[in-house]
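Participant: from the sequence below, what's the structure:
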Amino acid sequence: RLSAKMEGVLARAATAVSHREGAALGAALETCTRPDEQLLSVLRAGSVDVGEACARALPEPYDEIFACRLRATAASERREFAEAYAQQEGCLSAFHKVFQEAGADWLLPALHVVDRGVRKLALQADAHLRAQGAKADKLQEAARVLNRSFTITITDRAPLESSKKWGALAVINELFKVYFKLNNLRLCTNLIRAVDGTGFPPFDDFPMSQKVAYKYYVGRLSMLNANFQLAEEQLMYAFDHCPRTSLKNKRLCLLYLVPTRLVLGRFASGRLLDKYALAHFRPLCAAVSVGDLRAFNEHKDAHQSLYIQQGIYLIVERAKTVVYRNLFKRMHALMGTNKMSLRQMSAALGAAGVPTDIDELECILANLIYQNYVKGYISHQKRFLVVSAKEPFPALSAVPAQ
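Facilitator: Residues are numbered from 1 along each chain as shown. The predicted model follows:
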């Protein structure tokens, strides 16, 4: 006999289907995803034929949707994560059967619950398979089945007020998470193109949580593509619009916003870094700000593993250009002349603990001039850097990030 708890879940699901209440259907699926102890005990015991119980309570294909979801939960409890993922994938495939029909936009809240379950169980399954020395390919499979959700939402031709396109941004965010985890970022291009397309609903009309997630991932992509001005704008949007209580998410935004702003010559305050447990950026910001090349190199080398793990090492390395610019600006002030001797500059670098021969120094300066961090030219024959009398070191805000 069914437990009262399972009867209640299936009854609520049946009511949601008959009344076309997507939020209530999603809530019933969430209950199956995170069941209480009473429902868990029934699933552990295996005393109930889940398929038969769902078939009695729900019409097709909702019976299959709930049966697969309950079997996925039972498999997870047995730590059979590959089986759990297979059942959840079956749940989403069954969901697509009804979701692709006309007028099924009411199902969007439930779609997001099922999509999220596919991604999370794929991650669990892959972690378990790796631990066993087996091939971990469930997240790649998840990308394929989630793309079906994306296709159904983005190609819907219903009028905008009843369009499934209102579900596309949440699906896109799930796919972003998958592609970033798989390190297959080129696949993100089609997702961004869809949002920028003329048929996409107005971005401002989507829920704030979805907009924040989208801006966060697009900001990270812009950062990796060296489009630092755009990355700063997008990551700042995500940070500013995160709820104040979401400290973890705000910290994630700052993790990429701080090095992005470093490349642009803008520095986070120590107070902000301390608040979000990012104090390891303090000496980095200080070194870039004053042009302390030795401190910058020592910090970067000491934190290399951390920055590689966080995916920001190459961005931190890009900030070295700003360090050089600020260092040479200080040298210019100390020398008091627009005709700066390369020999003296090389000697100063050596005294600062960063030995640099003149040929290497010329290369560094040529790069700074090319990127507009320095206005001037190099006299190779006479070994001088001749800088402009007016704004020899343009304000960093006026220098386009290369």
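Participant: and the pLDDT at L2?
Facilitator: Looking at L2, its pLDDT is 55.
Participant: typed the wrong thing, it's R78
Facilitator: Confidence score, pLDDT, at R78: 88.
Participant: same thing with A351?
Facilitator: 88.
Participant: likewise A398?
Facilitator: 76.
Participant: now do the strands in the protein.
Facilitator: 339-341, 376-379, 384-387 (DSSP state E).
Participant: just these: most buried one?
Facilitator: strand 384-387 (a mean of 21; mean count of other C-beta atoms under 10 Å). To be clear about C-beta, it is placed using only N, CA and C from the backbone, and glycine gets the same treatment.
Participant: what lies in contact with that strand?
Facilitator: Contact partners of strand 384-387, identified using C-beta atoms under 8 Å, 6 or more residues apart in numbering, comprise 328, 332, 338-342, 345, 365, 374-379, 393.
Participant: skip the chain neighbours and tell me the closest residue to E317.
Facilitator: Excluding the flanking residues, the one nearest E317 by C-beta to C-beta, 6 or more residues apart in numbering is K300, at 7.0 Å.
Participant: rewinding a little: can you put the strands of the chain in JSON lines and add mean pLDDT and distance to L349?
Facilitator: Listed next are these as JSON lines, based on pLDDT from 0 to 100; distance: least, C-beta to C-beta, whole Å:
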{"stretch": "strand 339-341", "mean pLDDT": "94", "distance to L349": "12"}
{"stretch": "strand 376-379", "mean pLDDT": "94", "distance to L349": "16"}
{"stretch": "strand 384-387", "mean pLDDT": "94", "distance to L349": "13"}
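Participant: got TSV for those, with distance to Y214 too?
Facilitator: Converted to TSV, these look like this (distance: least, C-beta to C-beta, whole Å):
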stretch	distance to Y214
strand 339-341	47
strand 376-379	43
strand 384-387	43
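Participant: out of the ones you listed, the one nearest D156 is which?
Facilitator: strand 376-379 (57.7 Å; C-beta to C-beta).
Participant: list the strands paired with that closest one, with their directions.
Facilitator: The strands that strand 376-379 pairs with in its sheet are strand 384-387 (antiparallel) (by DSSP bridges).
Participant: shaky segments in this protein?
Facilitator: Counting by pLDDT under 70, the chain contains low-confidence ranges at 1-3, 38, 45-47, 401-402.
Participant: for it, which helix is longest?
Facilitator: Secondary structure assigned by DSSP state H gives helix 108-131 as the longest helix of the chain.
Participant: centre of the chain to that one, how far?
Facilitator: Centroid separation for helix 108-131 versus its chain: 17 Å, with C-alpha atoms, centre = their mean, to the nearest Å.
Participant: before we move on, the earlier item: how close does the residue nearest to E317 get to R318?
Facilitator: Counting by C-beta to C-beta, to the nearest Å, the gap from K300 to R318 is 11 Å.
Participant: what do you get for C242?
Facilitator: For C242, the distance to R318 (C-beta to C-beta) stands at 26 Å.
Participant: out of the contacts of strand 384-387, who's nearest K135?
Facilitator: The closest of the contacts of strand 384-387 to K135 turns out to be L365 (C-beta to C-beta; 51.0 Å).
Participant: can you count the residues close to the closest one?
Facilitator: Here the count is done by other C-beta atoms under 10 Å, and L365 has 22 residues near it.
Participant: residues near the nearest residue to V354 once chain neighbours are set aside, how many?
Facilitator: Sequence neighbours aside, L293 is the residue nearest to V354 in space, at 4.9 Å (criterion: C-beta to C-beta, 6+ apart). L293 has 20 neighbours, counted by other C-beta under 10 Å.
Participant: so who does L293 touch?
Facilitator: Counting by C-beta under 8 Å, 6+ apart, L293 touches A287, K320, V323, Y324, L327, L349, A352, V354.
Participant: G353 contacts R294, doesn't it?
Facilitator: Yes: G353 is within contact range of R294, at 4.3 Å (criterion: C-beta atoms under 8 Å).
Participant: contact partners for P207?
Facilitator: Counting by C-beta under 8 Å, 6+ apart, P207 has no contacts.
Participant: how about Q140: what's its closest non-neighbour residue?
Facilitator: Once flanking residues are discounted, Q140 sits nearest to L182: 6.6 Å by C-beta to C-beta, 6+ apart.
Participant: buried residues, stretch 307-323. List them.
Facilitator: Y307, I312, Y313, I315, V316, R318, A319, K320, T321, V322, V323 (16 or more other C-beta atoms under 10 Å).
Participant: turn those residues into TSV, including distance to L187.
Facilitator: TSV is the format used below for the buried residues of stretch 307-323 (distance: C-beta to C-beta, whole Å):
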residue	distance to L187
Y307	25
I312	21
Y313	23
I315	21
V316	26
R318	25
A319	29
K320	31
T321	30
V322	32
V323	35
